[in-house]
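Student: This is a predicted model, with the sequence first.
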Amino acid sequence: MSKPRIIQFQHLKGNDLRDINIAEGLNLPFKVKRLFWVYNAPSDELLGKHAHKKLEQVLIAMNGAIIIETETLDGEKQKFTLDSPSKGLYLPPLCWHQISFGENAIMLSITSMVYEESDYIRDYNQFTIGS
């Protein structure tokens, strides 16, 4: 079973003081099918609170900071802080996650599948019983 992990993106510094990060080829462990971003999220509310049966994704804090708490089917819990667009968090299938947004945070999600409601596990008890 694959585990959540941080992915470092290639970083380029332009001569005009711009920073560029690149996600391509070996950086991403799947073929990209969908991108979406979340912003204006309340900082006092947990978002996410689900797992996916098949979908893989990489989450990136494009602005501000986000905290992601994960749990795998074997009960391993981890907490990740994303506060730079130079790194992303890989979430494999069957990984419960909940997300806290900091002030003005913008999160980009890169996914391996298009949206399919049937792929979501939204009930934590169903997840822990063995999806």
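Tutor: Noted; the coordinates are in hand.
Student: Dump the helix-or-strand element of the chain with minimal mean pLDDT to PDB, restricted to CA.
Tutor: None of the helices or strands of the chain scores lower by mean pLDDT, DSSP states H and E than strand 19-22, at a mean of 74. Output of strand 19-22 as PDB, limited to C-alpha atoms (Å, rounded to 0.1, in the frame of the first residue of the first chain):
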ATOM      1  CA  ASP A  19      10.700  31.700  -8.900                       C
ATOM      2  CA  ILE A  20       9.400  28.800 -11.100                       C
ATOM      3  CA  ASN A  21       8.500  25.300  -9.900                       C
ATOM      4  CA  ILE A  22       7.900  22.500 -12.300                       C
END
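Student: so what secondary structure elements neighbour it?
Tutor: strand 10-13 (3 or more Cβ pairs under 8 Å, 6 or more residues apart in numbering; DSSP states H and E). C-betas here are computed from N, CA, C, even on glycine.
Student: Mind giving me the packing neighbours of the strand it packs on?
Tutor: Using 3+ Cβ pairs under 8 Å, 6+ apart: strand 10-13 touches strand 19-22.
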